[in-house]
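> Predicted model and sequence follow; I will ask about them next.
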Protein chains: 2
Amino acid sequence: MQLDNRKKEVLHAIVDDYVSTNEPVGSKSLIERHNFQVSSATLRNDMAELEHLGLIEKPHTSAGRIPSDKGYREYVNSLMTIDELSPREQLEIEKRIDSSVNEVTDLIKNATHTLSETTGFVSLAMSPRLKKSFLKQLKILMIEPGKALVVMVLSAGVVKDKVVRIPNFLSDAQIMQISGAIEKNLTGKPLDEITLVTVETAGKGTEVPEPLLKQVLYEAYAAIKQADELNIYLDGEHRILELPDFSSLGRARDLLGTLSDSGMVAGYINEMESAREQNPDDSFMIRIGQEITLEGLDDCSFITATYNLTDSVSGNIGVIGPKRMLYSKVISQIDFVKKKLNKEMQKFT
Amino acid sequence: MQLDNRKKEVLHAIVDDYVSTNEPVGSKSLIERHNFQVSSATLRNDMAELEHLGLIEKPHTSAGRIPSDKGYREYVNSLMTIDELSPREQLEIEKRIDSSVNEVTDLIKNATHTLSETTGFVSLAMSPRLKKSFLKQLKILMIEPGKALVVMVLSAGVVKDKVVRIPNFLSDAQIMQISGAIEKNLTGKPLDEITLVTVETAGKGTEVPEPLLKQVLYEAYAAIKQADELNIYLDGEHRILELPDFSSLGRARDLLGTLSDSGMVAGYINEMESAREQNPDDSFMIRIGQEITLEGLDDCSFITATYNLTDSVSGNIGVIGPKRMLYSKVISQIDFVKKKLNKEMQKFT
DNA sequence: TGTTGGCACTCGGAAGGATAGAGTGCTAAT
DNA sequence: ATTAGCACTCTATCCTTCCGAGTGCCAACA
């Protein structure tokens, strides 16, 4: 994109003004609010040019201009500068993220909630991708005849469990034997290398008769697989209704409808994440308007950062807000929450 | 409330018409849609009377009438008849509630989701009140130095756990000893009779030095207390935006804002539940419009039923919808979901 | 060549009637 | 107790008008 300096400034100013006023911005008000050393006619020429390039557009003939998706994109990529949060703001966030929790999940929910409160938008987080983490412990506890609890401790400091059904007449001792065998043989293996076959092999040494053993092993396998399922934590959905951008109701409905399908959202985030991994420079994933392929999010921007629980185990946290947002501010808020999250997570690993 | 038969019919007809059309209903359209053997003028007199009694009201002078909260109340208490769901509808619900889950919590979430889909409203459930259930098992598992998992199995067939911090240098054997002592002494005690003192007494017999022991016991106590905390499961919040009654946006915002505070909602449901326990005849709790003391729910009705996990352990499931709803239908839907839930829950106990 | 003042033109939104229609309450007759 | 008839009320809708912010373009200028 070849833009001379003044045109860049004009685009910058248009985005700023539109973000703060929610009104299409015209050449005259641009002159009034900013110190351009040229006349409004000159800006009009520049604006015509910017419109020609598809960076801004008119809602109708005799209105001012608003940034297009492409305009926001240019703004985000090359125009804006990101400041650090003020100490006050940092403190506020630090205070809200309760560091006394004992489980990673609670910490993430906490951070998500804080992020929604700080930005005023919908926030969301993806649970850590645990595929690369490995089993540190696995115990099967008898709950009652026919029912057991599989407890797994993962290298990332995460504890997962699942109630499973087992054959009625298995004894406590038998279960412990199986449990021990699995633990002995699978400890240290990354979750994504554990298959049904691996588990069955691991259980070979025990003296439990074949069909019963097989069932328990299958349930253990299912529990392990469930441990690395991804979860989405959403927060502050109601805030979307407070934004003037969504006063149209239909928009808000579509958005909330889409968000209620967490499988879809998780899929999309994964997609974004793999795109980001191509460019490891980007520490944020930013999708603006139509760039988002989820239904009902055309008027939104979707910004996430990647947090790290360990080197190989990461997840995402971010917000969904209107395209018309203070990008630099929101990005630094997400960034700070992410950093705080990373810091707190070290305690668990 | 003294109403002659025709006036009852008139009120009934007004509610029915208003529910189905969402328009204030006038005397003339009443004649058209129903077989009243009298003239519209007569109905006008009746309607004036009903208005005088506060059962219906006019949005403005020259409009038809709409039911007031009191009118809906009268309708719900004495006018409507509740039909069973059709076999088709029953089947639909049976099919949606997945009975293959292994945990009570999943079952409840499942039922809540189904209820929202069937009614088209926001649905919600309260987790079972476990105070009266008793401890069947309690195990403390060492996760790593300084960290342990407290696993509890309750009489109601519920498994709860919590990660807790413990003194770093406690050995596996010491933990097992404490765990065994607690289990031995507290098994069979209802949760609401377990206090910090009870737990501390239970731990007396062990050979673990005092301050360390005390810390572990405290953590165990906290885990037990956490087990009977109440949770709210919400579903289908976005559906509220599809209802014409909430097209005003402000209403929807307030509603979703209130619902996002689950502590508040839980408190309110508990309040309703204790009111219901005074009249054990009522199998439903129905609150209409202003009867609801939660902020932002003045245009809603709140209907819940009580499900039973065991005789003494129960929770609630229901919906929040617009006052203008098909009460009889919604009530039978909730009732059926509740019955199905009760049936499925037997598997767990 | 880039910049500027000037000007005619456009269009949406606010403001102000006018009108239709559904509904009401009241009165007098049955 | 019920009914027909009628004058009255109020909202929702449609039209028109009008204002003003904003535009594009042109001719003049540095």
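Nice, I can see it. Residues are numbered from 1 along each chain as shown, chains lettered A, B, ... in the order given.
> In PDB, could you pull the C-alpha coordinates for stretch A:306-315?
Output of stretch A:306-315 as PDB, limited to C-alpha atoms (Å, rounded to 0.1, in the frame of the first residue of the first chain):
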ATOM      1  CA  THR A 306      -1.600 -16.900  22.900                       C
ATOM      2  CA  TYR A 307      -0.800 -17.700  26.400                       C
ATOM      3  CA  ASN A 308       1.700 -20.400  27.400                       C
ATOM      4  CA  LEU A 309       1.200 -22.800  30.200                       C
ATOM      5  CA  THR A 310       4.500 -24.600  29.300                       C
ATOM      6  CA  ASP A 311       6.700 -24.300  26.200                       C
ATOM      7  CA  SER A 312       4.600 -26.700  24.300                       C
ATOM      8  CA  VAL A 313       1.200 -26.200  25.900                       C
ATOM      9  CA  SER A 314      -0.700 -23.000  25.000                       C
ATOM     10  CA  GLY A 315      -4.100 -21.600  24.600                       C
END
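> Name the surrounding residues that touch it.
With CB atoms under 8 Å, 6 or more residues apart in numbering or on different chains as the test, stretch A:306-315 has contacts from A:104, A:108, A:125-130, A:132-133, A:155-158, A:273, A:276, A:283, A:285, A:316-317, A:338, A:341-342, A:345, A:348-349. C-betas here are computed from N, CA, C, even on glycine.
> Out of those residues, list just those in strands.
A:125-126, A:285, A:316-317 (DSSP state E).
> how about the strands in chain A?
Ranges of strands within chain A are A:56-57, A:66-67, A:122-126, A:135-144, A:147-154, A:159-165, A:232-235, A:284-288, A:300-308, A:314-322, based on DSSP E.
> and those, which is most packed in?
strand A:122-126 (a mean of 27; mean count of other CB atoms under 10 Å in any protein chain shown).
> What residue spans form the domains of chain A?
As given by automatic domain parsing, the domain ranges for chain A are A:5-79, A:87-128+A:231-348, A:131-227.
> what distance separates the start and the end of the last one?
So that's domain A:131-227. 9 Å (CA to CA, to the nearest Å).
> Ok, the second one next?
For domain A:87-128+A:231-348, the first-to-last residue distance is 27 Å (CA to CA).
> That one vs DNA strand C: in contact?
No - Domain A:87-128+A:231-348 lies out of reach of DNA strand C by CB under 7 Å from any atom of the strand, never closer than 12.4 Å.
> what mean pLDDT does that domain have?
Averaging pLDDT along domain A:87-128+A:231-348 gives 95.
> and it, how far out from the chain's middle?
Relative to its parent chain, domain A:87-128+A:231-348 has a centroid offset of 5 Å by CA atoms, centre = their mean, to the nearest Å.
> and if you look at stretch A:228-244?
With CA atoms, centre = their mean, you get 10 Å for stretch A:228-244.
> Any buried residues in that stretch, and which?
For stretch A:228-244, a neighbour-count test (16 or more other CB atoms under 10 Å in any protein chain shown) marks A:228, A:230, A:232-243 as buried.
> near chain B at all, it?
Yes - for stretch A:228-244, a contact with chain B is found by CB under 8 Å from any CB of the partner chain, at A:236-238, A:241-242.
> send the alpha carbons of that stretch over as PDB?
C-alpha atoms of stretch A:228-244 as PDB (Å, rounded to 0.1, in the frame of the first residue of the first chain):
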ATOM      1  CA  ASP A 228      -7.200 -33.000  25.900                       C
ATOM      2  CA  GLU A 229     -10.600 -31.800  24.600                       C
ATOM      3  CA  LEU A 230     -10.700 -28.100  24.100                       C
ATOM      4  CA  ASN A 231     -13.100 -25.900  26.100                       C
ATOM      5  CA  ILE A 232     -14.100 -22.400  25.400                       C
ATOM      6  CA  TYR A 233     -14.700 -20.000  28.300                       C
ATOM      7  CA  LEU A 234     -16.900 -17.000  27.400                       C
ATOM      8  CA  ASP A 235     -17.600 -14.000  29.500                       C
ATOM      9  CA  GLY A 236     -19.500 -10.800  29.400                       C
ATOM     10  CA  GLU A 237     -21.900 -11.700  26.500                       C
ATOM     11  CA  HIS A 238     -24.400  -9.200  27.800                       C
ATOM     12  CA  ARG A 239     -22.000  -6.400  27.200                       C
ATOM     13  CA  ILE A 240     -22.500  -6.700  23.500                       C
ATOM     14  CA  LEU A 241     -25.900  -5.200  24.000                       C
ATOM     15  CA  GLU A 242     -24.500  -2.100  25.600                       C
ATOM     16  CA  LEU A 243     -22.600  -1.100  22.500                       C
ATOM     17  CA  PRO A 244     -24.300   1.300  20.100                       C
END
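> so residue A:126 makes contact with residue A:262?
No - the pair residue A:126 and residue A:262 does not pass the contact test of CB atoms under 8 Å, sitting 9.7 Å apart.
> what touches both of those two?
A:231-232.
> Near chain B, which residues of the stretch 101-250 of chain A? Just list them.
A:102-103, A:136-137, A:139, A:141, A:143-144, A:147, A:149, A:151, A:153, A:159, A:161-165, A:236-238, A:241-242, A:247, A:249.
> switch to 7 Å and redo it
A:102-103, A:137, A:139, A:141, A:143, A:149, A:151, A:153, A:159, A:161, A:163-165, A:237-238, A:241-242, A:247, A:249 (CB under 7 Å from any CB of the partner chain).
> Where does chain A get nearest to DNA strand D, residue-wise?
Proximity of chain A to DNA strand D (CB to the nearest atom of the strand) peaks at residue A:26, 2.6 Å away.
> Based on its surroundings, how many neighbours for the nearest residue to residue A:232 once chain neighbours are set aside?
Leaving aside its chain neighbours, residue A:232 sits nearest to residue A:262 (4.1 Å; criterion: CB to CB, 6 or more residues apart in numbering or on different chains). Counted by other CB atoms under 10 Å in any protein chain shown, the residues lying close to residue A:262 total 15.
> Quick check: the farthest pair among the buried residues of stretch A:228-244?
Taking CB to CB as the measure, the buried residues of stretch A:228-244 span a maximum distance of 36.1 Å, between A:228 and A:242.
> contact partners of stretch A:119-130?
Under the contact criterion CB atoms under 7 Å, 6 or more residues apart in numbering or on different chains, stretch A:119-130 has outside partners A:104, A:108, A:111-112, A:115-116, A:154, A:156, A:158, A:191, A:227-228, A:230-237, A:239-240, A:259, A:265-266, A:269, A:309, A:313-321, A:330, A:333.
> of the ones in strands among the contacts of stretch A:306-315, closest to chain B?
residue A:125 (16.4 Å; CB to the nearest CB).
> mind listing the helices for the stretch 201-349 of chain A?
A:210-227, A:250-259, A:262-278, A:327-345 (DSSP state H, counting those that start in this stretch).
> And the ones you listed: which comes nearest residue B:300?
It's helix A:250-259; of the helices of the stretch 201-349 of chain A, that one is closest to residue B:300 (CB to CB) at 17.4 Å.
> what angle sits between the closest one and helix B:250-259?
Per axes from the mean of the first three to the mean of the last three CA atoms, to 10 degrees, the angle that helix A:250-259 makes with helix B:250-259 is 30 degrees.
> the inter-axis angle of helix A:250-259 versus helix A:262-278?
Using the same axes, to 10 degrees, helix A:250-259 lies at 80 degrees relative to helix A:262-278.
> Just the angle for helix A:250-259 relative to strand A:122-126, thanks.
20 degrees.
> Can you point out the buried residues in helix A:250-259?
A:251-259.
> Just the residues contacting it, thanks.
Contacts of helix A:250-259 (CB under 7 Å, 6+ apart): A:122, A:234, A:237, A:240-241, A:246, A:264-265, A:294-297, A:299-300, B:237-238, B:241-242.
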